[in-house]
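In: Need coordinates for the below:
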Amino acid sequence: MATFGDTTEYTSWNYNYANSNQAYGPYTLLVASLTSKLTVYCRNNGAGHGACNVMGLIYAVSSGAPGALVAATPAIAMADNLTSAARDLTFTSAVSLSAASYFLGIIGDADSDGFGIAYADPGTGSVVVRGDTYVGGPADPYGTPDATIPNLGVSIYATYTVPVAGAYMTTRRGMW
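Out: Numbers count the residues shown, from 1 in each chain. Just a heads-up that it's a prediction; the model follows:
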């Protein structure tokens, strides 16, 4: 398995606000693949509000910004006072992606204001943010961002496999 995105486990924290759709990138996938999950280095230190729900997102790039929604993971619950660690957001089934650039992102529910993803400033990507109600699902297409923050590194990456092209089996009959 291989990855694209930013696998570095940074030590500063970018906290989401409730009902926020945050896209990070763009990141370039060099080969057509089947993507199984997103991994984020995160924590939830919003003590007192309980668990939050978070979904992972992949957006196609359109004019350098997030465009069409390509895929979303099912939501996972992040417990209150969750310690810092890499956590997987797994797709129900592998997502077929073409060789192209993508934004990797998350959307959290009303309790996600304490949910943070590790980041570094300066970095090589951008963070694009827009208000987006979690209950309604992630925006498709992404739409006009409320803010874009350039030159940040964010601990989010996708894991993929490359299908074997032209794999087949031959048999020879009558040859012993």
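In: all strands of the protein, in order?
Out: Using DSSP state E, the strands found in the chain span residues 2-6, 12-15, 20-29, 33-44, 52-62, 65-72, 76-78, 82-97, 100-108, 115-131, 147-154, 156-161.
In: Select, out of those strands, the one closest to Asp140.
Out: Asp140 lies closest to strand 65-72 among the strands of the chain, at 3.7 Å (CB to CB). Heads up, the C-betas are built off the backbone N, CA and C, glycines and all.
In: Run me through the strand neighbours of the closest one, direction for each.
Out: Here strand 65-72 is paired, per DSSP bridges, with strand 52-62 (antiparallel).
In: Within the sheet, what are the partner strands of the helix or strand bottoming out on mean pLDDT in the chain, with directions?
Out: Across the helices and strands of the chain, mean confidence by mean pLDDT, DSSP states H and E is lowest for strand 12-15: a mean of 78. Sheet pairing for strand 12-15, assigned by DSSP bridges, gives strand 115-131 (antiparallel).
In: Okay, angle between the partner strand and strand 100-108 too, please.
Out: In terms of direction (axes from the mean of the first three to the mean of the last three CA atoms, to 10 degrees), strand 115-131 departs from strand 100-108 by 110 degrees.
In: List the buried residues for strand 115-131?
Out: Taking 16 or more other CB atoms under 10 Å as the basis for neighbour counts, the residues of strand 115-131 that come out buried are 115-120, 123, 125-130.
In: and what of stretch 102-115?
Out: Applying a neighbour-count criterion of 16+ other CB under 10 Å, one finds 102-109, 111-115 buried in stretch 102-115.
In: How about residues contacting stretch 154-166?
Out: Contact with stretch 154-166 is made by 1-10, 14, 24, 27, 29, 31-42, 58, 86, 94, 97, 102, 104-106, 117-119, 123, 125, 127, as judged by CB atoms under 8 Å, 6 or more residues apart in numbering.
In: Report the residue spans of the chain with pLDDT below the cut-off.
Out: Within the chain, the stretches falling below the threshold (pLDDT under 70) are 46-50, 112-113, 165-176.
In: hmm, 80 instead?
Out: Under the criterion pLDDT under 80, the flagged ranges of the chain are 13-18, 43-51, 79-84, 110-117, 122-123, 164-176.
In: need the contact list for Asp140.
Out: Contacts here follow CB under 8 Å, 6+ apart; on that basis Asp140 touches 68-69.
In: measure it to Thr148 for me?
Out: Asp140 sits 19 Å away from Thr148 when distances are taken as CB to CB, to the nearest Å.
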